[in-house]
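# Following is a predicted model, sequence given first.
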Amino acid sequence: MGEGGSLRRTQILGLPIDPLTMDAAIERVERAIQQRSRLLIGVVNAAKLVNLRRDGELRDAVLACDMLLADGMSVVWAGRLLRRRLPERVTGIDLMLRMLEVADRRGYRVFFLGATEEVLSATVARIRREYPGVCVAGARNGYFGGEEESRVAAQIATAQPDMLLVAMSSPNKELFLRRWSSHMDVPVLHGVGGAFDVYAGKVRRAPPLWQRRGMEWFYRVLQEPRRLWKRYLVTNTLFTLLVLRELLLGPLPLLAAESMAGGPARLENRQKDCLA
C-alpha cells in the first residue's frame, strides 16, 4: 500500500478497512503530498460492500486502494455489532471538503474530473469563491469512453496536480483510478462519486440528523424513488444478511486481489502555475 500507517486494518465482511477518524485521514493526505507518494483513497458503504462481492473488477479496484474508509453509517454499525470497531464515519464528500481546506491553506494544485460540464463548471466556480487558495490545475467532465481514458489520464498528468478528485459513479471511478493511478503521477487520488452534484446544488444532501441515523440512503430514494428504490432495497437486504451471517458463523474469508503494477509515484520538476 502507498501509505502504510501504524493502525491495523479492520476486517468487515472480508474487506480490510482503515479504522481512521477524519483528522487521521487528512494527516495521511498531507503526508502523501509532502512525501510525493501515492495515496489512492477509497470509501465504502453497504451497497458497495455488496456489489464488490459479485463484481470482480470492482473488488480488485477497491482492494487496490491505499486508504479505505467507511463512508456509510451502516458499515460503522456493522463493525460495532461484529466487535471490529471503526471510530467514525468518513464520508467521501466530507473528506473532499477537508482536502479542499488543506489545498486552500497550502496552495495545492487540484484537478477536477467528472460530472456534466454544467455541474463541473458550477463546482469549480464555487471552489474558486470559497477556497481562493486552491490552485485549479484543470477540469474535465466525466463523459468519455474507454478509448479516451488514456488521453484523459495524460491530460491530468500534464497538469501535475497534488490532488485529483473524480466525481464519477461507481464502479467507473474505481476502475478508472485503478487503471491509471500509476500513470498520472498524482500523490492523492480520491473518487468522490456524486459530490460535485451536491456541491453545485443539483442534488440535495440529507440533513445531518438523517446522516447520523444512517438514513441518507432513504433521503436519496425520496428524491429519485423510481430509479433508486429497488437498488437500495436489494443491496440493504443483502448487506444485512451478510452481517448476520458473519455474526452467527464467524468472519467471512478475507477478500483478495492481484497487486497493482507500479507502486508509489514519484513527482519531479513540477510546474506550479495555476490555470487562469
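Received the coordinates, thanks. The shown structure was predicted, so the numbers you read here are calculated from the model rather than taken from an experiment. Residues are numbered from 1 along each chain as shown.
# same question for stretch 124-141, mean pLDDT?
Confidence for stretch 124-141, expressed as mean pLDDT, is 98.
# change the start of the numbering to 76 and stick with it
Sure thing, new numbering starts at 76, so read that last one as stretch 199-216.
# Now do the buried residues in it.
Buried positions in stretch 199-216, judged by neighbour count with 16 or more other Cβ atoms under 10 Å: Val199, Ile202, Tyr206, Val209, Cys210, Val211, Ala212, Gly213, Ala214, Arg215, Asn216. C-beta here means a position set from N, CA and C on the backbone, and glycine is covered the same way.
# With adjacent residues omitted, what lies nearest to the residue nearest the centre of the chain?
Centroid-nearest residue in the chain: Gly266, 3.6 Å away (criterion: Cα atoms, centre = their mean). Nearest residue to Gly266 in three dimensions, chain neighbours excluded: Lys248, at 3.7 Å (Cβ to Cβ, 6 or more residues apart in numbering).
# got a list of what the one you found touches?
Gly189, Val241, Ala242, Gly266, Val267, Gly268 (Cβ atoms under 8 Å, 6 or more residues apart in numbering).
# strands paired with the helix or strand encompassing the second one, and their directions?
Under the assignment given by DSSP states H and E, the secondary-structure element containing Val241 is strand 238-242. Sheet pairing here is set by DSSP bridges, and for strand 238-242 it gives strand 184-189 (parallel), strand 263-266 (parallel).
# Give the buried residues for the helix or strand following it.
Per DSSP H and E, strand 238-242 leads on to helix 247-259 as the next helix or strand towards the C-terminus. For helix 247-259, the buried set under the neighbour-count rule, 16+ other Cβ under 10 Å, comprises Lys248, Glu249, Leu250, Phe251, Leu252, Arg253, Arg254, Trp255, Ser256, Ser257, Met259.
# export those residues to CSV and tack on distance to Val273 and pLDDT?
Below are the buried residues of helix 247-259 laid out as CSV (distance: Cβ to Cβ, whole Å; pLDDT from 0 to 100):
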residue, distance to Val273, pLDDT
Lys248, 15, 96
Glu249, 19, 96
Leu250, 22, 96
Phe251, 20, 97
Leu252, 20, 97
Arg253, 24, 96
Arg254, 26, 96
Trp255, 25, 97
Ser256, 24, 96
Ser257, 29, 93
Met259, 25, 97
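# any idea which of those residues is closest to Arg279?
Proximity of the buried residues of helix 247-259 to Arg279 (Cβ to Cβ) peaks at Lys248, which lies at 21.5 Å.
# For stretch 121-141, output the C-alpha coordinates as CSV.
C-alpha atoms of stretch 121-141 as CSV (Å, rounded to 0.1, in the frame of the first residue of the first chain):
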residue,chain,number,x,y,z
ALA,A,121,-23.4,-1.0,2.3
ALA,A,122,-24.1,-1.0,-1.4
LYS,A,123,-20.5,-1.2,-2.5
LEU,A,124,-19.7,-3.9,0.0
VAL,A,125,-22.5,-6.0,-1.6
ASN,A,126,-21.6,-5.1,-5.1
LEU,A,127,-17.9,-5.9,-4.9
ARG,A,128,-18.6,-9.4,-3.8
ARG,A,129,-20.2,-10.1,-7.2
ASP,A,130,-18.1,-7.8,-9.3
GLY,A,131,-14.5,-8.9,-9.5
GLU,A,132,-13.3,-5.8,-11.3
LEU,A,133,-14.8,-3.5,-8.6
ARG,A,134,-13.4,-5.8,-5.9
ASP,A,135,-9.9,-5.6,-7.3
ALA,A,136,-10.2,-1.8,-7.7
VAL,A,137,-11.3,-1.3,-4.1
LEU,A,138,-8.6,-3.6,-2.7
ALA,A,139,-6.0,-1.6,-4.7
CYS,A,140,-6.7,1.5,-2.6
ASP,A,141,-4.0,2.7,-0.2
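# can you list contacts of that stretch?
76-78, 87-91, 113-117, 119, 143, 146-147, 149-150, 245-246, 249-250, 252-253, 292, 306-307, 310-311, 313-314, 317, 330-333, 335.
# which of those residues are buried?
If we count by 16+ other Cβ under 10 Å, the contacts of stretch 121-141 have these buried: 76-78, 87-91, 113-117, 119, 143, 146-147, 149-150, 245-246, 249-250, 252-253, 292, 307, 310-311, 313-314, 317, 330, 335.
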